[in-house]
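Enquirer: turn this into a model:
(2 chains)
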There are 2 protein chains.
Amino acid sequence: MLAPRPLNPAEKLDWLRLIRSENVGPVTFYQLLARYGSAGAALEALPEVARRGGRDRALTLFPKAAAERELMALDRAGARLVAWGEPGYPAALAAVDDAPPLLSIRGDAEILQRPAIAVVGARNASANGRRFARDMALQLGQRGLVVVSGLARGIDTAAHEGAMPTGTVAVLAGGIDSVYPEENRELHEAIAERGALVAEMPIGTVPQARHFPRRNRIISGCALGVLVVEAALRSGSLITARFALEQGREVFAVPGSPLDPRCRGTNDLIRRGAALTETAEDVVAQLGGQLAPLPAGRRTPLPEAAEPAPGGDSEVAAARRRVLERLSPTPVPVDELIRECQLTPALTLNILLELELAGRLERQAGNLVALL
Amino acid sequence: MLAPRPLNPAEKLDWLRLIRSENVGPVTFYQLLARYGSAGAALEALPEVARRGGRDRALTLFPKAAAERELMALDRAGARLVAWGEPGYPAALAAVDDAPPLLSIRGDAEILQRPAIAVVGARNASANGRRFARDMALQLGQRGLVVVSGLARGIDTAAHEGAMPTGTVAVLAGGIDSVYPEENRELHEAIAERGALVAEMPIGTVPQARHFPRRNRIISGCALGVLVVEAALRSGSLITARFALEQGREVFAVPGSPLDPRCRGTNDLIRRGAALTETAEDVVAQLGGQLAPLPAGRRTPLPEAAEPAPGGDSEVAAARRRVLERLSPTPVPVDELIRECQLTPALTLNILLELELAGRLERQAGNLVALL
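Expert: Here you go, the predicted model:
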């Protein structure tokens, strides 16, 4: 189990190099840390682990010089890098299993420790929807909740604006310096000054489509619950709501007319169990006792990954074949895989780790893995 | 247990006299029928039963001549009187405990035997709400459901109009000849010709405020479920929804914007468990197998009321005092009263029957009684 503590500068550089190395995502990161004791030791072992997973060409470690450049760029942008377990890391997010090991943060650190609610919704929101989001954010703020959103057009923008006097956090899909959409440049700067900006991607990253779902898990992760105001079916806001459920957070949805397609998504959430929400009081009543800050620490302990090869290389090779036979491009739950392969959890997790580092495996939300 | 069968003309006249007699409501009616075997025998016993309940002046029986005049007036209006248990009585309503023993009906008898859905809502509905109700009624009709409503302005009117081609039933708060509101005179006649009109009150009755809740229990009773389209908090449509729950029927509600007070009632219904409804398919899917007609018969058997005085007049008087001591203007459940008084159910029910006929007791929905 990873204990929360501040990192020294050398450790932080190792963390940054490890998370920026090829094929290393948050889940893998924490597994490597558990297995090798430190990011530095994991970096050393990485090429060999990837080779065992079947990689033919050498795995590229993220260069130390590049990591140093990233730290300097953050500094110039007025941002800082905060590691999981450090005091400045968002309190609620720390409890999420695939929380980013490192976050770029700009603005007020204290705000990230307060209980928060995410308010998200349609970019092409109605005037009523935007007004509702703005009023709601203001009222939630007055009741002591920080409002987290994604700085998108429509509902997100209205939510940030409404919560500006009381505290708001914008989670960016690109780097901490990426302004998106351009029309929100002023809002971006205002939040940096009066609230906080958060980004998982390296500074300088221009946001791309694939970054948005990853970003959405941070929005929900930073909050006790997600309130969805206007959302079409199959929209990004519903992805955020799904992450909230997986993270054990509340989902709130504002009902709307069946005649408006922008309400189909929120109505559907209510039908599937989200709390029907008309007033800030509805949110506060439901959150109830959770309004105290979350304790630091992960929701589930880190997997205890042991050294492989309990019985020699040929046995491990046989186990790897067994795992590979059961993997396909269709995602399967890791728990199911462990049961089906009849291997120890530690050995199975190690094999998956190797496959992932070799670039042959993809992790998906809900502890699913798929062959690439 | 009352067995469904057609009544002969003399019996029907007795039924009519009994239900129109002072202090006799549907629940009392069925209890008297069970206790005395026929409406004629109950009429004979009525004055003495009321006297035992503490009435000082004589109870007025509804005169035979008045009953005959009512039958003739119905005939002139093109309507007929149908008794509980007769083939023309609405199939679903027959299963309700306080179903009217007699209904005035005008129009298509067959339509009252088909599976039905009630569509009700705000009188001051929005244009969108009325359009939604009209389209929904049309689509529910196309899926084989008769649409029942209350002929009020707004949602009710739109629902009747939408279902006119496939079948609609209007339940009137006044007599079968009462047109209310006046602007719906044409619709009233159109439903009489192409659908069916139903009334519990005597022909010639002008609807008054107290008639509407009674009428609403018939609307829900005639249907497998009640769909509420736009309703403010504390509105009549919510009373209909409450009756539906008490009658074991489904409640459907259309969500709407929290900014519109006309949606507060429907949103609240959803929050308390009503099925969130956006399309006719939502209704049909939820009703599922119930679309076959209900079997004839009451949901709960009639109470078996026995002759009082198992131990002499003084013991009955003592029991009556015990019941009276526990009654007050605050309604109490009959079951609770039976437990608290430690009397037999039959004796307690008889005492309540006497008190009611004496005009000292009021029955309320949910098997509650209160002292007047």
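Enquirer: quick one: the strands in chain A, in order.
Expert: Using DSSP state E, the strands found in chain A span residues A:80-83, A:102-107, A:116-121, A:146-149, A:168-172, A:196-199, A:225-229, A:250-253, A:275-276, A:332-333, A:361-364, A:368-371.
Enquirer: how about the CA coordinates for the second one, as CSV?
Expert: Once non-C-alpha atoms are left out, strand A:102-107 reads as follows in CSV (Å, rounded to 0.1, in the frame of the first residue of the first chain):
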residue,chain,number,x,y,z
LEU,A,102,1.0,13.4,-11.2
LEU,A,103,-1.2,16.5,-11.8
SER,A,104,-0.2,19.9,-13.2
ILE,A,105,-2.0,22.5,-11.0
ARG,A,106,-2.3,26.2,-11.3
GLY,A,107,-4.1,28.4,-8.8
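Enquirer: can I get the strands of chain A in JSON lines with mean pLDDT and mean neighbour count?
Expert: C-beta here means a position set from N, CA and C on the backbone, and glycine is covered the same way. Formatted as JSON lines, these follow (pLDDT from 0 to 100; neighbours: other CB atoms under 10 Å in any protein chain shown):
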{"stretch": "strand A:80-83", "mean pLDDT": "97", "mean neighbour count": "20"}
{"stretch": "strand A:102-107", "mean pLDDT": "98", "mean neighbour count": "24"}
{"stretch": "strand A:116-121", "mean pLDDT": "98", "mean neighbour count": "32"}
{"stretch": "strand A:146-149", "mean pLDDT": "98", "mean neighbour count": "30"}
{"stretch": "strand A:168-172", "mean pLDDT": "98", "mean neighbour count": "28"}
{"stretch": "strand A:196-199", "mean pLDDT": "98", "mean neighbour count": "26"}
{"stretch": "strand A:225-229", "mean pLDDT": "98", "mean neighbour count": "30"}
{"stretch": "strand A:250-253", "mean pLDDT": "98", "mean neighbour count": "26"}
{"stretch": "strand A:275-276", "mean pLDDT": "98", "mean neighbour count": "20"}
{"stretch": "strand A:332-333", "mean pLDDT": "90", "mean neighbour count": "15"}
{"stretch": "strand A:361-364", "mean pLDDT": "86", "mean neighbour count": "17"}
{"stretch": "strand A:368-371", "mean pLDDT": "89", "mean neighbour count": "16"}
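Enquirer: out of those strands, nearest to chain B?
Expert: Chain B sits nearest to strand A:275-276 of all these, at 4.6 Å, using CB to the nearest CB.
Enquirer: report all helices and strands that that closest one contacts.
Expert: strand A:250-253, helix A:280-287, helix B:264-271 (3 or more CB pairs under 8 Å, 6 or more residues apart in numbering or on different chains; DSSP states H and E).
Enquirer: one more time with 6 Å, if that's ok
Expert: Judged by 3 or more CB pairs under 6 Å, 6 or more residues apart in numbering or on different chains; DSSP states H and E, strand A:275-276 is in contact with helix B:264-271.
Enquirer: what does the helix it packs on contact?
Expert: By CB atoms under 6 Å, 6 or more residues apart in numbering or on different chains, the surrounding residues in contact with helix B:264-271 are A:255, A:276, A:278, B:228, B:231-233, B:235, B:238, B:241, B:253-255, B:276.
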